[in-house]
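A.B. asks: Sequence first, predicted coordinates after that:
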Amino acid sequence: MKLPWKNDTLRALLVNLALPVIITVLLAIIFFYIYLPSTTKHGETVVVPDLMGKSVAEVTEEAARHGLRFEVSDSAYQEDTPPFVVLTQVPRAGARVKEGRLIYITLNQSQAPTVPVPEIVERSLINAEAVLKSNQLKRGVIYFEASPFRDFVIEIRHRGQKIVPGTRLPKGSVIDLVVGDGRGPADFVVGNLIGDSFTRAKLKLLNWNLHLGEVLIAEGIDTTGMEVFVYKQLPLPGDSVRVGDPIDLWIGPKDYKEPIGEAAENDDGL
């Protein structure tokens, strides 16, 4: 014979165990499917507007109208674009994002950044044009001057004024070149090679239409695997030479000085 009070106790125990589980499930459903979506606007997106070419004031208005925020992440320079307008944006226009998303923009600078004028004097015209382009500068007018070295850069100018390599100019500046016409006198004054690396000295000789003559290494110096420099040349800097003449070079370590006794002997032998 079953006792009724035992059945009631078991039922009550099951109810007491199930009730917290049911309440927990109901609360989870309410939190994840009702409360959370309503507070985070789950599933709600906005279309990113096109901010390209707009001013900061226009960007501010557009961002507020679409419920978005923006931040200037970078700046660049485009010559044909007004200053302080948007050049790029991330995310792109047309993308769908959540409301309140941060949009990163790049603004155009008011002035072009400056770059140093590269070393193009005593180089060929073709080489000078390539170097100017790689440094974001433009080649302007070419002026020809009497010189035995055809298409050899003699001088660089900006707005009619002579400038030296290293001068800082805005990107996109126009550089005029004075180059040789190849019809100058056959005799000319040789330039200075002393202090130049051997590689640069050979390049200068090539540009001057001169040949490399005898190469002598400093006595007692092992130059294996070492970058060598010119410490003496013949003919001397300032001497008169003709196109195609050979130039003898003495090479050694950087800042090497010829011993006084040796220099005197060489002078006596000339």
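C.D. replies: Everything's here; your move.

A.B. asks: what sits against the closest residue to Gly213 other than its chain neighbours?
C.D. replies: By the measure of C-beta to C-beta, 6 or more residues apart in numbering, the closest residue to Gly213 outside its immediate chain neighbours is Pro246, 3.2 Å from it. All C-beta atoms are positioned from the backbone trio N, CA, C, and that covers glycine. Going by C-beta atoms under 8 Å, 6 or more residues apart in numbering, Pro246 touches Leu210, His211, Leu212, Gly213, Glu214.

A.B. asks: of the residues you listed, buried ones?
C.D. replies: Listed as buried from the contacts of Pro246 are Leu210; burial here means 16 or more other C-beta atoms under 10 Å.

A.B. asks: Output the contacts of Pro246 in a markdown table, with secondary structure appended to each entry.
C.D. replies: Shown next, in a markdown table, are the contacts of Pro246 (DSSP: H, G, I helix; E, B strand; the rest coil):
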| residue | secondary structure |
| --- | --- |
| Leu210 | coil |
| His211 | strand |
| Leu212 | strand |
| Gly213 | strand |
| Glu214 | strand |
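
A.B. asks: tell me which residues of stretch 168-184 are tucked away?
C.D. replies: Buried residues in stretch 168-184, counted by 16+ other C-beta under 10 Å: Leu169, Ser173, Ile175, Asp176, Leu177, Val178, Val179, Gly180.

A.B. asks: Looking at strand pairing, list the partners for the fourth one.
C.D. replies: Under DSSP bridges, the beta-bridge partners of Asp176 are Arg157.

A.B. asks: Check the first one too.
C.D. replies: For Leu169, the beta-bridge partners under DSSP bridges are Val115.

A.B. asks: same question, the last one
C.D. replies: For Gly180, the beta-bridge partners are Glu145 (DSSP bridges).

A.B. asks: Surely it and Glu155 touch.
C.D. replies: No: Gly180 lies out of contact with Glu155 (C-beta atoms under 8 Å); the separation is 10.4 Å.

A.B. asks: Can you pull the residues that touch both of these two?
C.D. replies: Between them, Gly180 and Glu155 have Glu145 as joint contacts when contacts are counted by C-beta under 8 Å, 6+ apart.

A.B. asks: Which residue ranges make up the domains of this structure?
C.D. replies: Per automatic domain parsing, the structural domains of the chain span 45-108, 114-180, 187-269.

A.B. asks: out of these, nearest to Val25?
C.D. replies: Nearest to Val25 among the domains of the chain is domain 45-108 (28.8 Å), distances taken as C-beta to C-beta.

A.B. asks: hang on, the earlier thing: can I get the domains of the chain in CSV with distance to Pro20 and mean pLDDT?
C.D. replies: Shown next, in CSV, are the domains of the chain (distance: least, C-beta to C-beta, whole Å; pLDDT from 0 to 100):
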stretch, distance to Pro20, mean pLDDT
domain 45-108, 36, 90
domain 114-180, 72, 91
domain 187-269, 83, 86
